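# Return atomic coordinates for the entry below.
(one chain, ligands or ions: 1)
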Amino acid sequence: MRPETHINRRREEFPTLASGIHLLSHSLGPVPRAARESMNAYVDAWEHHTSEDAWATSWWEMSEQVGDHIAGLLGGPRGTVQIQPNASIALSSVASCFDFKTSKRNKVVTSALDFPSMEYIWDAQQQVGARVQVVPTDDGITIPLERILEAIDDTTCLVALSHVSFRSSYRVDAEAIVERAHRHGALVLLDVYQSAGALELRASDWEVDFLIGGTIKWLCGGPACGYLYVRPELQPDLQPRLTGWVAHAAPFDFAHVPMRYDNSVRRFAQGTPSIPALYSVLPGLQIIEEVGVKMIQAESRRRTEWMIDFALERGWQVNSPRQVKDRGGSVMIGVGRGPQRGSPARVPDDGPAMVNRLSEQKVFVDCRPGVGLRISPHFFNTDEEVREAMGILNELI
Ligand SMILES: Cc1ncc(COP(=O)(O)O)c(C=O)c1O
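From the prediction side, this is the model:
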């Protein structure tokens, strides 16, 4: 491995790291110590509020503040992110902006490597007139860029894909996809759940229309805090049918219809924001901001490259892209019996058993059907930990 960098790993701020080698950032990031204080601050505030002034004095703005922190990490300006209950609702909010029934532009392009929510939500939109084209994968790991680009035509209203796949860590070329989609008058949504906090994202530069994700994984923020980024110029054109009183321009007027959407990104909200979730995410976001996604990305590349080389030298099946430009922060390793190097991904039945055996040795990873182990070094992992985890896996294999 190339020499260790001078990154501040902030390890003492994550009590969970004392339990073993945490390589699970694609699934559940470790809780920052400060999250406990933040949650206590929430209960204190709750205890002291005796009227609706809780909203006026802090809670209303908090959603906006957290949104602005996330916008920065996505490479977007302030006022572009609305907090959502989770990424699936964020996607449903976007889906509810389209008129699939009466418009001739009703095709949605998705991919076979997306998270299941994507598949379920778009499948359901077929009942209201959407035509869905799922771009297939041949190897279960990647999708040729040309195949995605070819699927985009003048009837496409939206291209909705994972930026980095939860299954294989395959990363799509955001800029090329946005360029082609916009040329054909289509919009682009990227699910950045597996890339935000691990890679440097450039929402403004890419001119991407929507980003969705959540905080539980690479952002060390815990559950139940999703987010939706909407390109600023696009915001006023959209009227999500998945809505609620918080999206209204004057929510405390409690007015009757017609709905008057707010002029800000709050028009993509629904009901009461999940205040505890907002308190829980702030410490993690702050740590990620301070360490810096540029630095985190460089660390991720250095370690995932080493892990892939380590695996290939031993003839293991690597179910993630070899090229760093095509990859997110995870490395997937097939641990089933069967064909090895160069063969297509197959069902690695030994995945769950291997996860348990690694866990007994205090190495925490998980697995997914068809790709095997998912292993994710994040900024807080030392090189020594990464080496030790791969050494233990070597012994077990
Ligand atoms: C890429 C990706 N998208 C979406 C989700 C699900 O998000 P949520 O549970 O917030 O709807 C996950 C969760 O694992 C994911 O990895």
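# Please name every helix or strand in contact with the longest helix anywhere in the chain.
Secondary structure of the chain read by DSSP state H shows that its longest helix is helix 293-313. Helix 293-313 sits against strand 317-318, strand 331-334, helix 383-396, with contacts defined as 3 or more C-beta pairs under 8 Å, 6 or more residues apart in numbering; DSSP states H and E. Just so you know, the C-beta spots here come from the backbone N, C-alpha and C atoms, and that holds for glycine as well.
# Just send these back as a markdown table, with mean pLDDT and mean neighbour count too.
Shown next, in a markdown table, are these (pLDDT from 0 to 100; neighbours: other C-beta atoms under 10 Å):
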| stretch | mean pLDDT | mean neighbour count |
| --- | --- | --- |
| strand 317-318 | 96 | 22 |
| strand 331-334 | 96 | 28 |
| helix 383-396 | 97 | 16 |
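# now these in a markdown table, with distance to the ligand?
A markdown table is the format used below for the helices and strands packed on helix 293-313 (distance: least, C-beta to the nearest ligand atom, whole Å):
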| stretch | distance to the ligand |
| --- | --- |
| strand 317-318 | 20 |
| strand 331-334 | 13 |
| helix 383-396 | 21 |
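# Ignoring the adjacent residues along the chain, who's closest to Ala174?
For Ala174, ignoring the flanking residues on the chain, the nearest one in space by C-beta to C-beta, 6 or more residues apart in numbering is Trp206 at 4.9 Å.
# Then Gln125?
Once flanking residues are discounted, Gln125 sits nearest to Ala95: 5.5 Å by C-beta to C-beta, 6+ apart.
# Helix 383-396 and the longest helix of the chain, what's the angle between them?
Computed with axes from the mean of the first three to the mean of the last three C-alpha atoms, to 10 degrees, the direction of helix 293-313 lies at 30 degrees from that of helix 383-396.
# Averaged pLDDT, helix 293-313. What do you get?
Helix 293-313 shows a mean pLDDT of 97.
# Just give me the neighbour total for whatever residue of the stretch 201-350 of the chain ends up closest to the ligand.
Closest contact between the stretch 201-350 of the chain and the ligand, by C-beta to the nearest ligand atom, is at Gly214 (4.1 Å). Per other C-beta atoms under 10 Å, the neighbour tally for Gly214 reads 28.
# what do you get for Gly351?
Counted with other C-beta under 10 Å, residues neighbouring Gly351 total 24.
# Check what pLDDT the nearest residue to it once chain neighbours are set aside gets.
Leaving out its chain neighbours, the residue that sits closest to Gly351 by C-beta to C-beta, 6+ apart is Cys367, at 3.3 Å. pLDDT recorded at Cys367 is 95.
# coming back round to it: surely the residue nearest to Ala174 is in contact with Ala176?
No: using C-beta atoms under 8 Å as the test, Trp206 is too far from Ala176 to be in contact (9.9 Å).
# My understanding was that Ser63 contacts Val81; is that so?
No: in this structure, Ser63 is not within contact of Val81 by C-beta under 8 Å, at 9.6 Å.
# Tell me which of the two has more neighbours.
Neighbours were counted for Ser63 and for Val81 using other C-beta under 10 Å; Val81 has more, 29 against 23.
# Please state the backbone phi and psi of that one?
Backbone geometry at Val81, expressed as degrees, to the nearest 10, gives phi -120, psi 130.
# re earlier: wasn't the residue nearest to Gly351 part of a strand?
Yes: under DSSP: H, G, I helix; E, B strand; the rest coil, Cys367 falls within a strand.
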